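J.: sequence plus predicted model, see below.
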Amino acid sequence: MAPKRKTHSEEFNARVAVEAIKGVRTLSELSAVHGVHPTVIAHWKRQLLDGAPEVFRRGLAGTGRSEEVVTAPLYQEIGRLKMELEWLRKKL
C-alpha cells in the first residue's frame with residue numbers, strides 16, 4: 001500500500017521556500033533536512049516569488065474585488081436554496 005501524502009502547513013512551506021530563495025543551501029540539502037522532495041521545494045519557491053508582488057500592493061481596491069468574487073457565488077447558492085425551500089413548503 002502506498003504511503004499517504006504529507007500535508008505541510010503554510011508556515012512550513014513559506015519557511016522552506018525562503019530558505020531556498022536565500023540560496024545558503026542547495027535544494028538537495030534542503031530536501032534532506034526537511035524531508036521534502038526537491039521538486040516540491042522548487043514549486044514552493046516559484047509560488048513565493050510569483051506571489052511576492054501581492055504583498056506590496058497598496059490600497060484596498062484589490063481586496064474589495066476579491067471579496068466580491070468570493071461572496072457572489074455564495075449569495076447565488078443562498079438564493080437557490082431559498083427558492084428550493086419555498087417550493088418544497090408549497091408542495092407539502
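T.: In hand now; what should we look at?

J.: helices of the chain, start to end?
T.: 10-22, 27-34, 38-55, 61-91 (DSSP state H).

J.: now the ones you listed as a markdown table including mean pLDDT and mean neighbour count?
T.: (Each C-beta comes from the backbone N, C-alpha and C, glycine too.) Shown next, in a markdown table, are the helices of the chain (pLDDT from 0 to 100; neighbours: other Cβ atoms under 10 Å):
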| stretch | mean pLDDT | mean neighbour count |
| --- | --- | --- |
| helix 10-22 | 94 | 15 |
| helix 27-34 | 95 | 15 |
| helix 38-55 | 92 | 13 |
| helix 61-91 | 86 | 10 |
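
J.: ok, which of those comes nearest Pro3?
T.: Closest of those to Pro3 is helix 38-55, at 14.8 Å (criterion: Cβ to Cβ).

J.: show residues contacting the closest one.
T.: By Cβ atoms under 8 Å, 6 or more residues apart in numbering, the surrounding residues in contact with helix 38-55 are 13-14, 16-18, 20-21, 27-28, 30-31, 34, 62.

J.: can you pick out the most distant pair from those residues?
T.: Using Cβ to Cβ, the pair of the contacts of helix 38-55 lying farthest apart is Ser28 and Gly62, separated by 37.3 Å.
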